[in-house]
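Q: Structure, please.
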Amino acid sequence: MKFRFCGGLEPPDWVQAEVALVGHLLPDEISRLCDAIARNLRSPKERVAAISLQSDLSSHARGIEAVTAWLQFVLTHAAKYYVTDMELLPELEQLGLGRAPAEAIRSSFLEHRHDLRRQLRAEKFTFPHVSKLSWRLPTRENDLHGVQSVMVKALLQSRDVQALPSKPTTHIDEDDETLRAEQTTTKLGSRFHLRKLFLRHVELTESELEFVIKYLIHETTVQEQMWWRALTAYERLELVGQFTLHHVPRGEEHNLWFASIETTKDCILLYGKAEAKPIDRESTPVVNFLEGSVFGNLTLPYRLRTQLKKFQSTQPIEATHAPTSAAVFRRLKRETAFRDSIEKYSRVVVYGPADYFILTSTAVAGTTLKAVERVEQDNWLKSYGLDRFAGCIRRATFEPGAVLVREGEMASAVLIVIQGECRASVEIANRTTRPKSSDESSKSHRKEPTLAQEVLMHQHRFEVESTQLAIATLGANSVIGDVSIMLNIPEPTTVQAITPVVALSLSHEYLLHELEVKDQPTSASFEQLKLVAFDTLKFTLDRIQVEAEVEQCDQTLKILDLERVIAANEEGKVVARLTICGI
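A: Numbering: from 1, shown residues only. Alright, predicted model coming up:
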């Protein structure tokens, strides 16, 4: 079974084995351990005070160490993959943990999740780089007297992966290969480690998959590919887990074909070189690919390409996105030239020794489909200023007839409709019967199709009950449930799905937790939601007045209640608009 707090992968064996051990602890002991672990992660240099446990594990040091490691794994991974506390609770129970211990872990995670994520971002893995560089040339004649060659005195100080101070290398002349050898050793070590991971022919762990992703980002042009940018960290883990390493021995060649009748694919050249052979050598030049190149004819689905092009200018630059160097720019220029005229080339020859990955459209079909939904979801959230809540938004599906919110009750979540139609209605207080028209009388004598026939013909639409007054039909881009959650009043209407509806759901409980943060982006998002709720309330009032007059039913009490609520909050609405506009 796969879990979200494990990055969509199965938990390690030791995590499953220690579940029973964690279950022996009391909820209060688990809470204190989680608090101590969170403090230790925030301040690793400070020693956390020992915690006295009343359970049977207090006399077993190994048991306490196992429980501490287990809790640290759950807390850090849940924070890393932006799992909400309400999602973590059922997953811990599915893992075999009791309700009380799982609730204790959930409460502690809810309290420390922001600090844990901030610490994880600060400790993000980076490759070694030069932090300080200085050099000096001898300028006086005495310095040059009796010297046949000029020596350049340089100071190079590098920062390693753990950001620890390293010893500077001094007095490097043109014949000294110290720095070059150090860089080559680091690159070779990473490359050999990558080969060793895939030559084992076993499933890679989460940390190993992350290493592969970091290597691809910093050593290849994969970060410049549109299909790569469309994927989240979780989707990249899933995609890299499907990779297979292809090795070309020295003196041998591998031919890659990119014909239109074959499955589209891309080649990620990790090591070695490749050459694109043109059909007509006189009119088309040969294209040479060096290690780190990504070439081929892999394309994204049209829907995803449209979404990415539409919002590409507003997409934030990733923290892991390495700057484009001159060498990378030259590689990208060759790759683009090959993609634009791929029909003029017969094949690509990879010369050994070489290592490469082949990524086919079939392998990434499921991942790109998920990316389509996620990019579309992110774009909807950005239009409402809710992109900071992307990690806790969930997609919900409603069948025809399902009630999304009910009149007079408090909604449990804010819903943003992205597909389908809903009907908003209010309860009829007093309806005056009116005679049927000639058209309605003639329709009553017609033979109506059955429900099965309507479903097969895609014409079935759920009808609202006769005791309800339909006031509006809601489609895509509609917000439901915001009135009761943001204005703290019961819902004025009942919203029911009349076709299959897909919506984005933001739970009321999570909104309350985020409201405690009280930072400027969160406050602006809440004020924006309040303005939308006020507009929804005014729209509801207008529609009730119009439809009540048309249908000849008395809605005076409801109209007066809505007018009173709008008048009481009109001043707050003006203040909120001025705040958002910065006035």
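
Q: For residue 403, give the beta-bridge partners.
A: Using DSSP bridges, the beta-bridge partners of residue 403 come out as residue 496.

Q: Who are the contact partners of it?
A: 494-497 (CB atoms under 8 Å, 6 or more residues apart in numbering). Placement of C-beta: from N, CA and C, glycine included.

Q: Quick check: which ranges of the stretch 451-583 of the chain have low pLDDT?
A: 451-466, 513-523, 570-583 (pLDDT under 70).

Q: ok, residue 481 to residue 273 distance?
A: From residue 481 across to residue 273, the span is 58 Å (CB to CB, to the nearest Å).

Q: the more surrounded of these two?
A: residue 481 (24 against 16; other CB atoms under 10 Å).

Q: so what's that one up against?
A: Residue 481 touches 404-405, 411-415, 491, counting by CB under 8 Å, 6+ apart.

Q: now with 6 Å?
A: Going by CB atoms under 6 Å, 6 or more residues apart in numbering, residue 481 touches 405, 411, 413-415.

Q: Looking at these, which two lie furthest apart in space?
A: 405 and 414 (10.0 Å; CB to CB).

Q: So for those two, which sits in the more crowded spot?
A: The neighbour comparison of residue 405 against residue 414 (other CB under 10 Å) goes to residue 414, with 29 against 26.

Q: Surely the more buried one is within a strand?
A: Yes - Residue 414: assigned to a strand according to DSSP: H, G, I helix; E, B strand; the rest coil.

Q: Any idea what it is bridged to?
A: Beta bridges link residue 414 to residue 506 when assigned by DSSP bridges.

Q: May I have the beta-bridge partners of residue 355?
A: Here residue 355 sits in beta bridges with residue 247, residue 271, as judged by DSSP bridges.

Q: burial measure for it, as a count.
A: Applying other CB under 10 Å, I find that residue 355 has 20 neighbouring residues.

Q: That one against residue 271, yeah?
A: Yes - contact criterion CB atoms under 6 Å: residue 355 and residue 271 qualify, at 4.6 Å.

Q: can you give me the helices in the stretch 401-550 of the chain?
A: In the stretch 401-550 of the chain, the helices defined using DSSP state H, counting those that start in this stretch lie at 438-444, 451-456, 482-487, 508-515, 520-551.

Q: right, I mislabeled it, should have said the stretch 1-150 of the chain
A: 13-17, 19-23, 27-42, 61-80, 85-94, 99-122, 141-144.

Q: Render the CA-only coordinates of the longest one in CSV, please.
A: Written as CSV, here are the backbone C-alpha positions of helix 99-122 (Å, rounded to 0.1, in the frame of the first residue of the first chain):
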residue,chain,number,x,y,z
ARG,A,99,-6.7,6.0,16.9
ALA,A,100,-5.3,7.7,20.1
PRO,A,101,-1.6,7.6,19.1
ALA,A,102,-2.4,8.6,15.5
GLU,A,103,-4.4,11.6,16.9
ALA,A,104,-1.5,12.6,19.1
ILE,A,105,0.9,12.6,16.1
ARG,A,106,-1.6,14.5,14.0
SER,A,107,-1.9,17.2,16.6
SER,A,108,1.9,17.6,17.0
PHE,A,109,2.3,17.7,13.3
LEU,A,110,-0.3,20.4,12.9
GLU,A,111,1.5,22.5,15.5
HIS,A,112,5.0,22.2,14.0
ARG,A,113,4.4,21.7,10.3
HIS,A,114,5.3,25.3,9.3
ASP,A,115,8.6,25.2,11.2
LEU,A,116,9.5,21.8,9.8
ARG,A,117,8.9,22.9,6.3
ARG,A,118,10.9,26.0,6.8
GLN,A,119,13.8,23.9,8.2
LEU,A,120,13.6,21.5,5.3
ARG,A,121,13.8,24.3,2.8
ALA,A,122,16.9,25.7,4.6
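
Q: Against which helices or strands is it packed?
A: helix 27-42, helix 61-80, helix 85-94 (3 or more CB pairs under 6 Å, 6 or more residues apart in numbering; DSSP states H and E).

Q: Can you list the buried residues in that helix?
A: Within helix 99-122, the residues that count as buried by 16 or more other CB atoms under 10 Å are 101-110, 112-113, 116-117, 119.

Q: And the contacts of residue 403, which is closest to residue 211?
A: Looking across the contacts of residue 403 and measuring by CB to CB, the closest to residue 211 is residue 497, at 45.5 Å.
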